[in-house]
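>>> Next comes the sequence, and after it the predicted model I'd like to discuss.
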Amino acid sequence: MTRLTGLLYGLAALASLTTAKPVCRDESTKFEAEDAVLSGTEILTTQSGFSGTGYVGGFDTSTDKITFTIPSSSTKLYDLSIRYAGIYGDKKTTVILNSGASTEVSLPSTDFFSTVSGGQILLNEGTNTLEIVNNWGWYLIDYILITPSAKREAHNINTSLVNPAASTEAKTLYAYLRSIYGKKILSGQQDLSYANYVATLTGKTPALVASDLIDYSPSRVAYQGNVSQAVEEAITHHQRGGLVSILWHWNAPAGLYDTSENPWWSGFYTRATDFDIAATLADPTGANYTVLIRDIDAIAYQLKRLQNAGVPVLWRPLHEAEGGWFWWGAKGAAPAKALYHILYDRLTNVHGLNNLIWVWNSVAQDWYPGDEVVDIVSADVYAQGNGPMSVQYNELVVLGNDKKLVAAAEVGAAPKPDLLVAYEAHWLWFCVWGDSFINNAEWNSPAVLTEIYNHDYVLTLDEIQDWKTIGAAQL
Ligand SMILES: *[C@@H]1O[C@H](CO)[C@@H](O)[C@H](O)[C@H]1NC(C)=O
Ligand SMILES: *[C@@H]1O[C@H](CO)[C@@H](O)[C@H](O)[C@H]1NC(C)=O
Ligand SMILES: *[C@@H]1O[C@H](CO)[C@@H](O)[C@H](O)[C@H]1NC(C)=O
Ligand SMILES: [Ca+2]
């Protein structure tokens, strides 16, 4: 016991003689909202069913908040739940821990007091503050409940790839990935040039490089010719012992507006094309279906070059579908999933691409194309502060039933390893986006990046040189 905890226990014992002041230890601890510090908010009692002597309402301006003081006997991870009443409809609140990381929590409409998860919080030994700040406002807070997080159970990752004909290279990589999952995180960077920038900045080269097949899209080749070097760059990184992930900003096969606002090269955005994926899939004999398949075949040609060069690929097609900002997600979940199945079938069964490890890239249950076509589940997370992204990690563990590896396929800010460990957010890799993110101190300061890249928990290119040996030994 440190002096500080000794002091806290002493204070808590003293307090318990007067009014019992809660301290977070090994059981659930309740903090009544009406006992916290209120700013712009007020104690109310008219809505029945509250705990303690009342609840807090009056969230109507942006700075209105409740500030809880939360002593903890040790540095430890807790689950936060919030008891509230949403009698004015669906709302959102913002939770801020120790004046730092903030999380948005949805408070669905209710007729009475009920409980919602506020995610996890890492409390420091000693005193912590937790603020519940207005956001949408117009909700009632009864109390918060803080419970030590259960230790994460051992993962149960499927030992097979979904493609029964997967190549030895793909199987070897998958076996290696399983061997490190939950123990280390692979560092990753979008674009070879930015990976080399990271090496210069931090002294360490990313283990994984992601390349974009965007410029092989036939509707771009039509404008600019064959200019892409993405496959060559992926092979370069593979040949120096690195891992390769491939995504594809698929410029729509047809229907580009090509205006000054929405030029041809932005044709992967929903706003830049009227190409309708639902209508296209509804008519497999139509001309639009033909150009859709033409595009898949053009991309298969590039993936085949990687296969011929012995490169196993972490293949992440149709990314961020659920956002709707790309045309493949613009008509909802059903056509996006159908298109994914067409891609899987054509690349695997027609083109014989057995070097692909299939990475799905959305957290939503409704959009999930199915266990039989997905090897790895992933999310793209853009949030400043180099946090562990534990909310999305936990969602993906549930989505893949903890049988699928989980990756942070695109991030704005590289996560701090100590937080990944504390939150047990076992992302297999992180991959920072290139321009405006890796080279932008607001997202990734050189000092923090250097610390991350030199951390024990983070695997860099020099530390994965034996991945084939390790993987092969597990086959
Ligand atoms: C593991 O994956 C294979 C291939 O997709 C599948 O056939 C099998 O049912 C999966 N096993 C479990 C336990 O989920
Ligand atoms: C681009 O490359 C592809 C594949 O090699 C080829 O079929 C196509 O004709 C080329 N297009 C142009 C415009 O050079
Ligand atoms: C095919 O797609 C184009 C471009 O989006 C569109 O203008 C056309 O109406 C579509 N054709 C059919 C038959 O739906
Ligand atoms: Ca209360």
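Yep, that arrived. Numbers count the residues shown, from 1 in each chain. Ligands and ions are numbered 1, 2, ... in the order given.
>>> Give me the neighbour count for Pro108.
12 (other C-beta atoms under 10 Å). The way it works is simple: take the backbone N, C-alpha and C, and place the C-beta from them, glycine included.
>>> Who are the contact partners of it?
Neighbour list for Pro108: Gly86, Asp90, Val116 [criterion: C-beta atoms under 8 Å, 6 or more residues apart in numbering].
>>> Would you mind checking these for buried ones?
Gly86, Val116 (16 or more other C-beta atoms under 10 Å).
>>> Which of the contacts of Pro108 lies at the shortest distance from ligand 3?
Closest approach to ligand 3 among the contacts of Pro108 (C-beta to the nearest ligand atom): Asp90, at 35.3 Å.
>>> longest single helix anywhere in the protein?
Longest helix in the chain by number of residues (criterion: DSSP state H): helix 287-308.
>>> hmm, that helix in reach of ligand 3?
Yes: residues of helix 287-308 are located near ligand 3 by C-beta under 6 Å from any ligand atom, namely Asn288.
>>> what's the next secondary structure element after that helix?
Using DSSP states H and E, the helix or strand that follows helix 287-308 towards the C-terminus is strand 313-316.
>>> picking that back up, name the residues that touch the longest helix of the chain?
Defining contact as C-beta under 8 Å, 6+ apart, one finds that helix 287-308 is touched by 167, 213, 216-219, 221, 230-231, 234-235, 244, 246, 248, 250, 253-254, 275-276, 279-281, 283, 313, 315, 342-343, 346-347, 350-351, 353-356.
>>> What about those residues, which are in helices?
Counting by DSSP H, these place Pro218, Ser219, Val221, Ala230, Val231, Ala234, Ile235, Ala279, Thr280, Leu281, Ile342, Leu343 in helices.
>>> Secondary structure element holding the residue minimising distance to the centre of the chain?
The centroid of the chain falls nearest to Ala379 when counting by C-alpha atoms, centre = their mean (3.7 Å). If you go by DSSP H and E, Ala379 is part of strand 376-381.
>>> Does that strand pack against any helices or strands, and if so which?
Other elements packing on strand 376-381 under the criterion 3 or more C-beta pairs under 8 Å, 6 or more residues apart in numbering; DSSP states H and E are strand 356-360, helix 390-399, strand 405-411.
>>> Tell me the strands beside it, with direction?
According to DSSP bridges, strand 376-381 forms sheet pairs with strand 356-360 (parallel), strand 405-411 (parallel).
>>> who touches Ile66 in this structure?
Under the criterion of C-beta under 8 Å, 6+ apart, the contact partners of Ile66 comprise Ala33, Ala36, Val37, Leu38, Ser39, Thr41, Val56, Glu131, Ile132, Ile141.
>>> Pretty sure the third one sits against Thr69.
Yes: the pair formed by Val37 and Thr69 meets the contact definition of C-beta atoms under 8 Å, at 7.5 Å.
>>> With Ala379 as the reference, measure out to Trp443.
Distance from Trp443 to Ala379, counting by C-beta to C-beta, to the nearest Å: 17 Å.
>>> Same check on Val23?
Distance from Val23 to Ala379, counting by C-beta to C-beta: 35 Å.
>>> Next: Pro22.
Note on Pro22: its distance to Ala379, by C-beta to C-beta, is 35 Å.
>>> re earlier: how big is the angle separating the strand holding Ala379 from helix 390-399?
For strand 376-381 against helix 390-399, the angle by axes from the mean of the first three to the mean of the last three C-alpha atoms, to 10 degrees is 160 degrees.
>>> can you list the residues that contact strand 376-381?
Under the contact criterion C-beta under 8 Å, 6+ apart, strand 376-381 has outside partners 314, 316, 319-320, 357-363, 368, 389, 392, 395-396, 399-400, 404-412, 428.
>>> Now do the contacts for the closest residue to ligand 3 within the chain.
Of all residues in the chain, Gly255 sits closest to ligand 3, at 2.5 Å by C-beta to the nearest ligand atom. Residues in contact with Gly255 (C-beta under 8 Å, 6+ apart) are Thr273, Asp274, Phe275, Asp276.
>>> backbone phi and psi for the last one, please?
Per-residue torsions, Asp276: phi -110, psi 110 (degrees, to the nearest 10).
>>> Buried ones among the contacts of helix 287-308?
167, 213, 216-219, 230-231, 234-235, 244, 246, 248, 250, 253-254, 275-276, 280-281, 313, 315, 342-343, 346-347, 351, 353-356.
>>> Contact partners for the closest residue to ligand 2 within the chain?
Of all residues in the chain, Asn226 sits closest to ligand 2, at 3.7 Å by C-beta to the nearest ligand atom. When contacts are counted by C-beta under 8 Å, 6+ apart, Asn226 touches Tyr216.
>>> repeat that with 7 Å
Applying C-beta atoms under 7 Å, 6 or more residues apart in numbering to Asn226 gives no contacts.
>>> Near ligand 1, which residues of the stretch 151-300 of the chain are found?
Taking C-beta under 6 Å from any ligand atom, the part of the stretch 151-300 of the chain that reaches ligand 1 is made up of Asn158, Ser160, Val162.
>>> separation between the second one and ligand 4?
When C-beta to the ion, to the nearest Å is applied, the distance between Ser160 and ligand 4 equals 51 Å.
>>> what about that residue, how many neighbours?
As a burial measure, Ser160 scores 10 neighbours (other C-beta under 10 Å).
>>> Please parse the protein into its domains.
The record assigns the chain these domain ranges, following automatic domain parsing: 22-148, 168-474.
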